[in-house]
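# Can you look at this prediction? I've put the sequence above it.
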Amino acid sequence: MNVVSVKINGVVYNLKGEENEDYLLKVAKYADKKMREITAKNQLLSTSSAAVLSAVNIADELFKALEECSELKERNRLHENEIAELTNQLSYMEQTSSELAQRLEKSIDADLLSKKEAELEKIKNELALMEDSAQKYLEKNNQMKAENKELRFNLQTTKYKVLDLQNKLMESQINVAKEKKAKTIPEK
């Protein structure tokens, strides 16, 4: 477990977490930035009020990130379905092409030879069109795989943002609780 000393809104805290130190410092810097943004807008706010408003802003970001994550998952699912459909179509085209080639090879009747040659030319043209179509499907498939990879990366990034926001929210709640406790305990 990593422990890092950080300063948030002028107060030093020790953060502990499974994440690496850079990540913990990044989280603390973000929380500090949010607190400073709130206090810069209204300098009369107490630290606890600023912490609550920061927590609300961070919670807003969390909900928006979760919504975006959900949308990315749905887009990913749709892309995967489309890739499966394109793969099925390509398989069907390959099978049809093979069957047509086999049928052509079997027909050796001399009277039909010229007819078969014309049919063969037609099949070659259809096959060329199918190959072009299959190539487009493969390119689209590769494009979707790249987009899928990017979506997965965005999903992972969003998950880290969610964890980051949860940690910030928890820190804000802890700070609010500490301040309430400090206010309720009289000084001796």
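Done, it's in.

# Residue 19 contacts residue 2, correct?
Yes - Residue 19 is in contact with residue 2 according to Cβ atoms under 8 Å; the separation is 6.8 Å. To be clear about C-beta, it is placed using only N, CA and C from the backbone, and glycine gets the same treatment.

# quick one: which of the two has more around it?
residue 19 (19 against 13; other Cβ atoms under 10 Å).

# Surely the more buried one is in a helix?
No - using DSSP: H, G, I helix; E, B strand; the rest coil, the assignment for residue 19 is coil, not a helix.

# what sits against it?
Residues near residue 19 by Cβ atoms under 8 Å, 6 or more residues apart in numbering: 2, 27.

# so for the top helix by length along the chain, what's the average pLDDT?
Ranked by residue count and defined by DSSP state H, the top helix of the chain is helix 113-184. Helix 113-184 carries an average pLDDT of 89.

# Same question for stretch 44-54.
pLDDT averaged over stretch 44-54 gives 92.

# what's the offset of it from the middle of its chain?
Put simply, stretch 44-54 sits 32 Å off its chain's centre (Cα atoms, centre = their mean, to the nearest Å).

# neighbouring contacts of that stretch?
Here stretch 44-54 makes contact (Cβ under 8 Å, 6+ apart) with 9, 31, 34-35, 37-39, 168, 172, 175-176, 179-180.

# Kindly recompute the last result at 7 Å.
Contacts to stretch 44-54, defined as Cβ atoms under 7 Å, 6 or more residues apart in numbering, come from residues 9, 34-35, 38-39, 172, 175-176, 179.
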